[in-house]
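Asks: Please find the sequence and the predicted model below.
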2 protein chains.
Amino acid sequence: MRAIDAAISRCGRPHFNNGAPLRPLPPAVLPHVGCIPDRHHSPPKRLGCLGQDNHVHQLRHQSTSRNMRLTIDTINQRVRRAEYAVRGELAVKSEEFRARLARGQGANLPFDHVISANIGNPQQLDQKPLTFFRQVASLLENPDLLKHPRVLVNSLDYQPDVLERAKWLLSKVGSVGAYSASSGVPAIKESIAKFLERRDGFPADASHIYLSAGASSGVNTLLNVICADKKSGILIPIPQYPLYSASLALLDATPVPYNLDESKAWGTDLDTIRQAYEKAKADGVDVRCIVIINPGNPTGASLSEADIRGVIDFASRQNLVIMADEVYQTNVFVGKFHSFKSVLRTMQKETGGKYDGLELASLHSISKGMVGECGHRGGYFELVGFDPQVEANIYKFVSIMLCAPVIGQCLVEVMVNPPKPGDPSYELYNREYTAVYEGLRERATALHNAFSQMEGVECNQPQGSMYLFPTIRLPQRAIDAAAAEGRSPDEFYCMRLLEETGVCVVPGAGFGQAEGTLHFRTTFLAPGTEWVGSIVKFHKEFMDKYR
Amino acid sequence: MRAIDAAISRCGRPHFNNGAPLRPLPPAVLPHVGCIPDRHHSPPKRLGCLGQDNHVHQLRHQSTSRNMRLTIDTINQRVRRAEYAVRGELAVKSEEFRARLARGQGANLPFDHVISANIGNPQQLDQKPLTFFRQVASLLENPDLLKHPRVLVNSLDYQPDVLERAKWLLSKVGSVGAYSASSGVPAIKESIAKFLERRDGFPADASHIYLSAGASSGVNTLLNVICADKKSGILIPIPQYPLYSASLALLDATPVPYNLDESKAWGTDLDTIRQAYEKAKADGVDVRCIVIINPGNPTGASLSEADIRGVIDFASRQNLVIMADEVYQTNVFVGKFHSFKSVLRTMQKETGGKYDGLELASLHSISKGMVGECGHRGGYFELVGFDPQVEANIYKFVSIMLCAPVIGQCLVEVMVNPPKPGDPSYELYNREYTAVYEGLRERATALHNAFSQMEGVECNQPQGSMYLFPTIRLPQRAIDAAAAEGRSPDEFYCMRLLEETGVCVVPGAGFGQAEGTLHFRTTFLAPGTEWVGSIVKFHKEFMDKYR
């Protein structure tokens, strides 16, 4: 065993290290944590070990399996099949580089810091938390502070409305250390309902709102309830946020991919959706739901009202549930955000009931937008038109995990009910909020401009969310070099980009892309423009090398 | 539809209202939220509507189903089958009573407040958060406070070690609003490893530690990876915490129940476990894992070292993974807590490697103990002896949900690394901690004494956790009355207890109990002793009524 461990440790590939900084591990004490599974041990289209000795891995696998109850071959194969590129091999490698630099061992690296443009993690990068949010949270965590209102106001820059909000939330929540009701604190659900009414101009009902641990947990809940078996099909956009494909893999349900139209700013194309639907139906798939991510991840698109109307009409005709992932609803740079709920209610009003039967779930979160509190895992979903018995089962499902983090629920409340003009905290809140918004827009534009200069790169104008998803056209020699490494060309490109510049992005393959096209996704959250320049420089050198 | 809604609204049973306080709902606007699903719409052994008109429900069911994509019959039937009694009908009804009392509409109720003894939710009841924990959390939420150390120390009772801890955590976490690495903040994992080394006297490795959103989320992760299909069997104790049975229902895996031995203070009985295992094996079940909850939920037991040795030896012989749910490890009132890891490592040392192949996952949480921060959803699990490729898949699974709440992770760090003697915060911390511990012990004893006086009630001495799980023997007439209501006798008893006293407990059926026995689970978290007296009084009247 020990000899095998040592042999593997020398193989030099990036290994899966659970996200912890690398440090020298005494092999006798610490079993080596394996390599990226979907690279080495799953279907044949993925090849081996970057030219290293795959045999060693085989050997180890057999060796460790002998006495193991659980092996890669006996665990839940749905977990094995699930892929989640956003936190895959490139992310792990970038963390290795970051740790090496932190240890002062990065002298031979061609960069001096790592730019994590792979994850929409605003506060890891430039984005500062909004003061009002965090001041309220600090009082919720330590209500004893409220015994000293003068100190808070006079010495610590807390405005009176911060104290009021904290007191109000505490009166509703009790302690943020206590479980709340499974679907969330009732008063917070009421606040969300009021927000939805203001946003959409239509009534909203708190009893159909469910707090969740970020939108991801809401998606997980909904897909668990909607998908009955292998035949249950869910229309998902391509490119998509891989949470959807991974969750469907775990549930052993059927993703029914439909391509977004890159030529129309990544909008929805009804003919494409219809074809995907008809094909799946012909294959015996029971298509139940269509997922829309708007604004788009990874596309950066913001859907027009006409696109949304088209989807609603299609879903209504085919009796599909709509799952509207609207977590980027405030990250809109072109035009305005149209919620599915508001468009649906408008269409219902216009047609006198034609669309009344439609079931819509829409999700939101504190992770994105100008709030950017993803570490707090807060979010909610609203259900429209669901059968009460189905809702009761959704309630039961969320109750098994007890409740969403309560401090995250409170931040949801602050997000949907921020300081208003005239409130003591408004001016600072508004200034901070606007600065984040403008900063995102500026960086999106700078990045978009950089992509416009790059040979073989095309990128739609940034409309929304936190991402750009440029097309890249690579020379044949680069494609061959990628194949020799057992990588897809976009993955090969992104790996070289990381190694040369320290900029970590995600290959298009991680999100899905139309056959024969290549992309990558980058956030535009990282501060400064130096890193943008380094991408431009890398790209030129890469193209020159493989021309 | 409206007529049907109105008819249902009049039926007067407790309805599922998602935990929100009841308020008058205009039926035209708000679709009625259905009745408890497992009462009305699942297997035949459960009967209808407390003597009300079941036909109306049938009618409504058909009526709403017509245009619905998702109905109770088309959703994931695994969700439908899952049961989670801790937050079921009784809990919902108790929330209704609470809301009624809050609205001043409780004049005709025979009690003036509701005692939620159904959920281990310490801070909802008497338990105050530990000051050190919350002071640190307040600084993590608002790091700007650290610019004013003198104000914090001189005017707000923050000790210097609170500031130091917050600074240190911030230096490791960055912002609590940012995603951490998927398996948790590396420095926090190191802290946990050091705690485990101190606790067990054996090395622990941070790279095998995974932060989770409470232990529930850790259980969910592990069961998802361990259970491959319907045939995968998991030995679970009876009585059990229903998270296990519910999760297995969702995964469509096979629970293999083994009875704990009530006559031996709810300890493990190896013969019983072996019989359950053999029977399952004979039925073609691939038994993969044994779950142990120690200290016990709902039993209140604390396992002896001998019991743990027996389980480890059995698991080793049968090549079973051990899942040790050790969230109540500090709630021990008799003897001492023995962790599975320490006993395993001791046995490995003693036998020179005999137990080396064993795979152990042990879980802990900030939700229970003297910390009681369940609303923060913090926890972790440690893996011992797992195959690296399996661990890589566990990592991938947790990465799909991104990361555990970061402020919860930080509270885990504080829990495993609390103020030490000599630290400025130690005295207060120790005082608060001891007061909570003693308070729990006193109330456990008071409740146990009360049960000893009650006719037909027997209860083991409280050894650990937060619960007592007395046996109740009910007169035949009570059993008949329960059947007439379509309820199990224990559920009938608990429903009457709630209606008469406002005390909410959970029927034994929700946890499983040996054939022919009846129990209920109550926490001993609620302050005061008045409610204990009200149980005694109720019991006497109940027994008299049905004698």
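Replies: Yep, it's here.
Asks: make it CA atoms for all contacts and neighbour counts henceforth
Replies: Will do.
Asks: Confirm A:Val291 sits in a strand?
Replies: Yes - counting by DSSP: H, G, I helix; E, B strand; the rest coil, A:Val291 is located in a strand.
Asks: so it makes contact with A:Ala315?
Replies: No - A:Val291 is beyond contact range of A:Ala315, at 10.4 Å (criterion: CA atoms under 8 Å).
Asks: which bits of the stretch 401-547 of chain A sit near chain B?
Replies: A:Met401, A:Cys403, A:Ala404, A:Pro405, A:Val406, A:Ile407 (CA under 8 Å from any CA of the partner chain).
Asks: Just those: which are in helices?
Replies: Members of those lying in helices (criterion: DSSP state H): A:Val406, A:Ile407.
Asks: Tell me the buried residues in stretch A:194-208?
Replies: Neighbour counts over stretch A:194-208 (16 or more other CA atoms under 10 Å in any protein chain shown) mark A:Lys194, A:Phe195, A:Leu196, A:Asp200, A:Ala204, A:Asp205, A:Ala206, A:Ser207, A:His208 as buried.
Asks: which residues touch the third one?
Replies: This means A:Leu196. By CA atoms under 8 Å, 6 or more residues apart in numbering or on different chains, the contact set of A:Leu196 is A:Phe202, A:Pro203, A:Ala204.
Asks: Tell me the secondary structure of the second one, please.
Replies: Spelled out, it's A:Pro203. coil.
Asks: any idea how far it lies from B:Gly379?
Replies: Note on A:Pro203: its distance to B:Gly379, by CA to CA, to the nearest Å, is 39 Å.
Asks: Okay, now the unreliable bits of the stretch 1-150 of chain A?
Replies: Across the stretch 1-150 of chain A, the ranges flagged by pLDDT under 70 are A:1-66, A:85-87.
Asks: ok, A:Glu500 to A:Tyr84 distance?
Replies: A:Glu500 is 24 Å from A:Tyr84, by CA to CA.
Asks: likewise A:Val219?
Replies: In terms of CA to CA, A:Val219 sits 15 Å off from A:Tyr84.
Asks: Repeat that for A:Lys147.
Replies: Distance from A:Lys147 to A:Tyr84, by CA to CA: 47 Å.
Asks: Any buried residues in stretch A:420-438, and which?
Replies: Under 16+ other CA under 10 Å, the buried positions of stretch A:420-438 are A:Ser425, A:Tyr426, A:Tyr429, A:Asn430, A:Glu432, A:Tyr433, A:Val436, A:Tyr437.
Asks: Am I right that A:Leu383 sits in a strand?
Replies: Yes - per three-state DSSP, A:Leu383 lies within a strand segment.
Asks: Quick check: which element contains A:Leu363?
Replies: strand A:360-365 (DSSP states H and E).
Asks: partners of that strand in the sheet?
Replies: Sheet pairing of strand A:360-365 (DSSP bridges) gives strand A:321-325 (parallel), strand A:379-384 (antiparallel).
Asks: Off-centre distance for it?
Replies: 14 Å (CA atoms, centre = their mean, to the nearest Å).
Asks: Give me the residues contacting it.
Replies: In contact with strand A:360-365 (CA under 8 Å, 6+ apart) are residues A:214-215, A:218-219, A:321-329, A:340-341, A:378-386, A:412.
Asks: average pLDDT for the strand or helix carrying A:Gln389?
Replies: When elements are assigned from DSSP H and E, A:Gln389 belongs to helix A:388-400. Averaged over helix A:388-400, pLDDT sits at 92.
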